[in-house]
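A.B. asks: What follows is a protein structure lacking sequence information:
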């Protein structure tokens with residue numbers, strides 16, 4: 001399959017080259033067609049948005065439709081934290097206590113390795129865990145420090161990202177997705193609770209909950225607003241330069257989703273990104289650095305409603321990313337680069 005994808009990418013590059021030589025506007029329209037073709041190859045619903053940051057030329061598929069963010073919601077949380085730092089209301093050196101009730105389900109090291117009470121971590125370390133390895137417990141502690149979901153959503157609205165909303169912690173989001181009922185009070189949560197709770201949900205109820213959550217407006221983002229957020233983060237006009245660099249450095253070291261945006265890109269391509277994964281949902285958002293001075297591309301790719309193995313969504317994301325990459329390498333400023 002990887003071989004077929006590479007053939008697809010190479011064929012696409014030649015197609016884009018020939019069209020770009022004749023008419024740059026036609027080539028952008030052709031890119032749109034290619035992206036829609038790849039998107040429809042998935043069994044789920046695919047949405048994407050990409051902007052070449054230097055030329056501001058853009059393309060999108062279902063760009064204004066809301067998609068579940070899953071762990072991509074950690075970027076809006078991180079933005080809120082860093083805005084509070086920039087405003088002098090929070091310090092990344094602040095230590096946050098981690099209790100048994102903070103050990104939430106899903107990906108991460110805290111839940112796996114923390115066995116005894118007495119742990120405190122700085123907000124910097126929690127941010128590293130949340131963005132680099134997608135630790136859910138760290139993200140939920142950061143969400144609390146950020147003022148909660150309503151504060152993050154209010155920040156997004158204040159920054160003119162009305163298509164991005166955060167409504168729940170990962171613990172509540174995953175529980176709703178699975179269909180778990182009657183959660184005990186939060187101060188009674190512990191890492192042994194979650195698997196017992198989830199195992200008690202009948203498969204039919206779980207699938208019903210998944211279908212409901214796929215169309216739930218909570219904890220969603222539109223591809224276009226997420227790409228605008230990434231664009232402004234890269235431009236360093238969303239946060240101070242220091243705070244911007246802090247987040248982008250962590251995103252550049254993201255260890256998840258190696259077969260998504262980065263999956264078909266040339267080895268060594270720099271990508272600052274964040275993934276999201278949750279039953280039937282696979283996402284990847286980030287900024288790609290193009291070779292030979294061709295600039296940068298902010299890109300958000302979301303999928304939902306898939307019943308196929310996760311690898312299929314990963315391939316769709318990788319093919320979309322490679323399609324966009326090839327186009328903007330060949331046509332970085334609306335003019336073909338003569339094969340460079």
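C.D. replies: Okay, I see it. Here the structure is a predicted model, which is why all the values come from computation and not from measurement. Residues are numbered from 1 along each chain as shown.

A.B. asks: pLDDT on the helix or strand containing residue 30, on average?
C.D. replies: Secondary structure assigned from DSSP states H and E places residue 30 in helix 24-40. Helix 24-40 shows a mean pLDDT of 88.

A.B. asks: What's the per-residue pLDDT of residue 116 here?
C.D. replies: For residue 116, the model assigns a pLDDT of 75.

A.B. asks: Please read the previous query as pertaining to residue 198.
C.D. replies: At residue 198, the predicted lDDT confidence score is 93.

A.B. asks: Also residue 153?
C.D. replies: In the predicted model, residue 153 carries a pLDDT score of 98.

A.B. asks: Name the SS class of residue 167, please.
C.D. replies: The three-state label given to residue 167 by DSSP: H, G, I helix; E, B strand; the rest coil is coil.

A.B. asks: For it, which non-adjacent residue is closest in space?
C.D. replies: residue 218 (3.9 Å; C-beta to C-beta, 6 or more residues apart in numbering). Any C-beta I mention is one placed from the backbone N, CA and C, and that applies to glycine too.

A.B. asks: Going along the chain from the helix holding residue 30, find the next helix or strand for me.
C.D. replies: Tracing the chain past helix 24-40, the next element assigned as helix or strand by DSSP H and E is strand 45-52.

A.B. asks: Which neighbouring elements make contact with that next one?
C.D. replies: Of the remaining helices and strands, those touching strand 45-52 by 3 or more C-beta pairs under 8 Å, 6 or more residues apart in numbering; DSSP states H and E are helix 24-40, strand 58-61, helix 223-235, strand 296-304, helix 310-330.

A.B. asks: Output the contacting helices and strands for the first one.
C.D. replies: Helices and strands touching helix 24-40, by 3+ C-beta pairs under 8 Å, 6+ apart, are helix 2-22, strand 45-52, strand 58-61, helix 310-330.

A.B. asks: got the angle between it and helix 310-330?
C.D. replies: Direction vectors for helix 24-40 and helix 310-330, defined by axes from the mean of the first three to the mean of the last three C-alpha atoms, to 10 degrees, enclose an angle of 170 degrees.

A.B. asks: Could you figure out how far helix 24-40 is turned away from strand 45-52?
C.D. replies: Using the same axes, to 10 degrees, the direction of helix 24-40 lies 150 degrees away from that of strand 45-52.

A.B. asks: now swap in the fourth one and tell me
C.D. replies: Inter-element angle recorded for strand 296-304 and strand 45-52: 170 degrees (by the same axes, to 10 degrees).

A.B. asks: Quick one: mean pLDDT for strand 296-304?
C.D. replies: Averaged across strand 296-304, the pLDDT comes to 98.

A.B. asks: starting at the chain centroid, how far to that strand?
C.D. replies: The gap between where strand 296-304 is centred and where its chain is centred comes out at 8 Å by C-alpha atoms, centre = their mean, to the nearest Å.

A.B. asks: what pairs with it, and is each one parallel or antiparallel?
C.D. replies: Its sheet considered, strand 296-304 pairs with strand 45-52 (antiparallel), strand 281-289 (antiparallel) by DSSP bridges.

A.B. asks: Let me see the ranges of the helices in the stretch 101-250 of the chain.
C.D. replies: If DSSP state H, counting those that start in this stretch is used as the criterion, the helices of the stretch 101-250 of the chain fall at 110-113, 123-132, 136-145, 149-158, 170-178, 193-199, 203-214, 223-235, 241-252.

A.B. asks: outside of the second one, which residues touch it?
C.D. replies: Here helix 123-132 makes contact (C-beta atoms under 8 Å, 6 or more residues apart in numbering) with 74-75, 77-78, 81, 90-94, 96, 108-110, 121, 135, 137-139, 141-142, 145, 246-247, 250-251, 253-255, 274.

A.B. asks: May I see the buried residues of that helix?
C.D. replies: Neighbour-count burial for helix 123-132, with 16 or more other C-beta atoms under 10 Å as criterion, is recorded at 123, 126-132.

A.B. asks: and if you look at the longest one?
C.D. replies: Neighbour counts over helix 223-235 (16+ other C-beta under 10 Å) mark 223-234 as buried.
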